[in-house]
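Enquirer: test case, fold it:
(2 chains)
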Number of protein chains: 2
Amino acid sequence: MRTRIPAPPRRPSSMFVNGATRLFGIIGHPISQAKSPEAITPALQACGLNAVLVPFDIAPADLPTAFPALLQLRNLDGLVITVPHKAAILPWLDGLGPRARAAGAASILARSSDGKWLGELFDGTGCCASIENRGVAIAGSVVQLLGAGGAGSAIAVEILGRQPATLRIHDPDQDRLSQLQARLQTFCSDVRIETGFGSADILVNASTVGMHAPDDSPVPVDYLTPELVVMDCVMEPDQTALLRFGHRAGALTISGREMFDSQIDAVCDFFAQIRANKASDAVYPR
Amino acid sequence: MRTRIPAPPRRPSSMFVNGATRLFGIIGHPISQAKSPEAITPALQACGLNAVLVPFDIAPADLPTAFPALLQLRNLDGLVITVPHKAAILPWLDGLGPRARAAGAASILARSSDGKWLGELFDGTGCCASIENRGVAIAGSVVQLLGAGGAGSAIAVEILGRQPATLRIHDPDQDRLSQLQARLQTFCSDVRIETGFGSADILVNASTVGMHAPDDSPVPVDYLTPELVVMDCVMEPDQTALLRFGHRAGALTISGREMFDSQIDAVCDFFAQIRANKASDAVYPR
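Expert: Residues are numbered from 1 along each chain as shown, chains lettered A, B, ... in the order given. Take a look at the predicted model:
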């Protein structure tokens, strides 16, 4: 009789992903810097979902074929959209939330129970939530916003929804500044929207100053006082020059990472809420 | 001065997936039963890769649009193909391995360093590896194979590559049995390929008997002897009637799960080998 070799031990199994895992993704190009996979995956799993959020690297030239095809995956329930696709994906969606309609861009997509894809823009939500989580009221305050680009527009829309006394916006690009001011005024007539730079209760940096040159600050050091709330949307580095100088001046400082973290619950709620509804029940017309 | 609420603790991060994670997938319909995500993900990570294998549920009607679009994802490095897509995806590949060409189907796809997609069929590889891992030589043996379908064809090709004394194949469907015999004979003239059922050294069940009726065995109990090697490709249930009866008769028994596990190293090697090569260097013409 032959020598019998016993069966090898069973291979280890991942406890993290299996055939029944529901898929979420983030699309962008490049994608390796994206924080959503590592940040949103634990939040989805903490809700009791067998789900993972993975990066999808889609180059702009491939978007018109790759994006609608991705939406056909039967086990894909949601997508985060990042640079440069936030406006480009709109034509393929079945409905948009009010912030996405106001800004002409969407950052989060979810599939409803009857298979419709709905989009909303959450870029401003985390900013306002992170300020309010620190006990600071936006209502009645003077807010100085720096930057009238994509992030600045989304944050401006969200701040206006909180009824500040004044929203003042600064951007070196006068054209896009006036365009944003005009757009904002069409759906918010009861808040004073100024352009320029001046004293405020809350400073929000939505420009890229501090992102590439870590010692650059978008405001002079003597602008920073103990009474000011300083929020910087820049996520890398974690402690920008603005936050370091603000902290040294005694201001309450809030980082881009804190803003990002504050957004996660809102994103998971959106996924859950849309999944539970038929698109026809949702308040998101195209 | 206002009461200052401290910054909330940083959110937990997934140590399993991030923006730089390389994607692998399995496509099929349905997909929730697939074992590859939980089995291959730990094997890829054990090779030091930041990688995850996720399920992609693609319905047959969506394949012509969804499949080629999926290949455009810049961070997708490999795919496992399962029912019902193994033959249907061939037109979109840039090259095929010898087993895939012989069987007209591919189960594993990998992207070469210059972006070409190459396919190979590994369904027979795990079967032969799991037999050999138990110290059993296929060379010179009489092998009785049950089933001339997709799995049976792939296993027949792999067994013939090991130079058995005789390969005998049984299938109640005489047409597909004769077609398989004819196809096998075209590329293997030096091994005796018989049809029918008779005594053997190694029995391989590649039929579905035992999958849906857990007390059904594809052979009579008195066929099973202590000298026989009994391999069952059925994965669910883990211990089929054939394996239980074989074990009781004193035969060496090998399960479908053991076959699947034996295939994992070959699959990871294929991913690594193709990734390291330009398609033009690979020996996989279309």
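Enquirer: in chain A, which residue is most central in space?
Expert: When C-alpha atoms, centre = their mean is applied to chain A, the residue found nearest the centroid is A:Asp123 (3.3 Å).
Enquirer: leaving out chain neighbours, which residue sits closest to that residue?
Expert: Excluding the flanking residues, the one nearest A:Asp123 by C-beta to C-beta, 6 or more residues apart in numbering or on different chains is A:Ala154, at 3.7 Å. For the C-beta atoms, the positions are set from N, CA and C on the backbone; glycine is no exception.
Enquirer: do the same with A:Ala276
Expert: In space, A:Ala276 is closest to A:Ser113, 6.8 Å off (C-beta to C-beta, 6+ apart).
Enquirer: next one, pLDDT for that neighbour please.
Expert: Per-residue confidence (pLDDT) for A:Ser113: 90.
Enquirer: now do A:Leu70
Expert: So A:Leu70 comes in at 96 (pLDDT).
Enquirer: for the stretch 51-200 of chain A, what lies in contact range of chain B?
Expert: Within the stretch 51-200 of chain A, the positions near chain B by C-beta under 8 Å from any C-beta of the partner chain are A:52-59, A:62, A:65-66, A:68-70, A:72-75, A:133-136.
Enquirer: what about 6 Å?
Expert: Contact residues (C-beta under 6 Å from any C-beta of the partner chain) of the stretch 51-200 of chain A with chain B: A:54-57, A:62, A:65-66, A:69, A:72-75, A:134-135.
Enquirer: only whichever of the residues you listed are buried, select them in ChimeraX.
Expert: Entered in ChimeraX, the line below selects the buried ones among those, by 16 or more other C-beta atoms under 10 Å in any protein chain shown:
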select /A:54,55,56,57,62,66,69,72,73,74,75,134
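Enquirer: can you add secondary structure and give the residues of the stretch 51-200 of chain A next to chain B back as CSV?
Expert: Converted to CSV, those look like this (DSSP: H, G, I helix; E, B strand; the rest coil):
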residue, secondary structure
A:Val54, strand
A:Pro55, strand
A:Phe56, strand
A:Asp57, strand
A:Asp62, helix
A:Thr65, helix
A:Ala66, helix
A:Ala69, helix
A:Gln72, coil
A:Leu73, coil
A:Arg74, coil
A:Asn75, coil
A:Arg134, coil
A:Gly135, coil
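Enquirer: could you check how far the residue of the stretch 151-286 of chain A found nearest chain B is from A:Val54?
Expert: Going by C-beta to the nearest C-beta, chain B is nearest to A:Asp261 of the stretch 151-286 of chain A, at 4.7 Å. Using C-beta to C-beta, to the nearest Å, we find A:Asp261 at a distance of 20 Å from A:Val54.
Enquirer: what's the closest non-adjacent residue to whatever residue of the stretch 51-200 of chain A ends up closest to chain B?
Expert: Residue nearest to chain B within the stretch 51-200 of chain A (C-beta to the nearest C-beta): A:Ala69, separated by 3.0 Å. Ranked by C-beta to C-beta, 6+ apart and with sequence neighbours excluded, the top spatial neighbour of A:Ala69 is B:Ala69, at 3.0 Å.
Enquirer: list the contacts for that neighbour?
Expert: A:65-66, A:69 (C-beta atoms under 6 Å, 6 or more residues apart in numbering or on different chains).
Enquirer: just name the shakiest helix or strand of chain A by mean pLDDT.
Expert: The weakest-scoring helix or strand in chain A, judged by mean pLDDT, DSSP states H and E, is helix A:98-103 (a mean of 84).
Enquirer: following that helix in sequence, what is the next regular element?
Expert: Where DSSP states H and E defines the elements, the next helix or strand beyond helix A:98-103 is strand A:108-111.
Enquirer: what's the next helix-or-strand element following that following strand packed up against?
Expert: Following strand A:108-111 in sequence order, the next helix or strand is strand A:117-120 (DSSP H and E). Here strand A:117-120 touches strand A:108-111, going by 3 or more C-beta pairs under 6 Å, 6 or more residues apart in numbering or on different chains; DSSP states H and E.
Enquirer: quick one: the strand it packs on to chain centroid distance?
Expert: Relative to its chain's centre, strand A:108-111 lies at 13 Å (C-alpha atoms, centre = their mean, to the nearest Å).
Enquirer: and stretch A:47-54, by the same measure?
Expert: 19 Å.
Enquirer: just the residues contacting that stretch, thanks.
Expert: A:17, A:20-22, A:24-25, A:36-37, A:40-41, A:44, B:17, B:23, B:54.
Enquirer: so how far is stretch A:223-231 off the chain centroid?
Expert: Centroid separation between stretch A:223-231 and its chain, computed with C-alpha atoms, centre = their mean, is 24 Å.
Enquirer: distance between the ends of it?
Expert: 14 Å (C-alpha to C-alpha, to the nearest Å).
Enquirer: returning to that earlier point: pick out the most distant pair among the residues of the stretch 51-200 of chain A next to chain B.
Expert: The span of those, defined through C-beta to C-beta, is set by A:Thr65 and A:Gly135 at 48.2 Å.
Enquirer: mind listing the helices for chain A?
Expert: Secondary structure of chain A (DSSP state H): helices at A:36-46, A:63-70, A:98-103, A:123-133, A:150-160, A:174-187, A:241-248, A:256-276.
Enquirer: relative to B:Asp216, which of those is closest?
Expert: Among the helices of chain A, helix A:36-46 comes nearest to B:Asp216, with 39.4 Å by C-beta to C-beta.
Enquirer: which other helices and strands contact that closest one?
Expert: Counting contacts by 3+ C-beta pairs under 6 Å, 6+ apart, helix A:36-46 is packed against strand A:51-57.
Enquirer: partner strands of the strand it packs on and their direction?
Expert: strand A:22-28 (parallel) (DSSP bridges).
Enquirer: tell me the mean pLDDT over the strand it pairs with?
Expert: 97.
Enquirer: which residues touch that strand?
Expert: A:34, A:36, A:51, A:53-56, A:58, A:75-83, A:85, B:54.
Enquirer: just the CA trace of that strand, in PDB.
Expert: The C-alpha trace of strand A:22-28 is given here as PDB (Å, rounded to 0.1, in the frame of the first residue of the first chain):
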ATOM      1  CA  ARG A  22     -21.600  44.600  -1.800                       C
ATOM      2  CA  LEU A  23     -19.300  46.900  -3.700                       C
ATOM      3  CA  PHE A  24     -18.700  50.600  -3.300                       C
ATOM      4  CA  GLY A  25     -16.000  52.500  -5.200                       C
ATOM      5  CA  ILE A  26     -14.200  55.800  -5.700                       C
ATOM      6  CA  ILE A  27     -13.500  56.900  -9.200                       C
ATOM      7  CA  GLY A  28     -10.800  59.500 -10.100                       C
END
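Enquirer: correct me, but A:Ser112 touches A:Arg275?
Expert: No - A:Ser112 is not in contact with A:Arg275 according to C-beta atoms under 6 Å; the separation is 7.1 Å.
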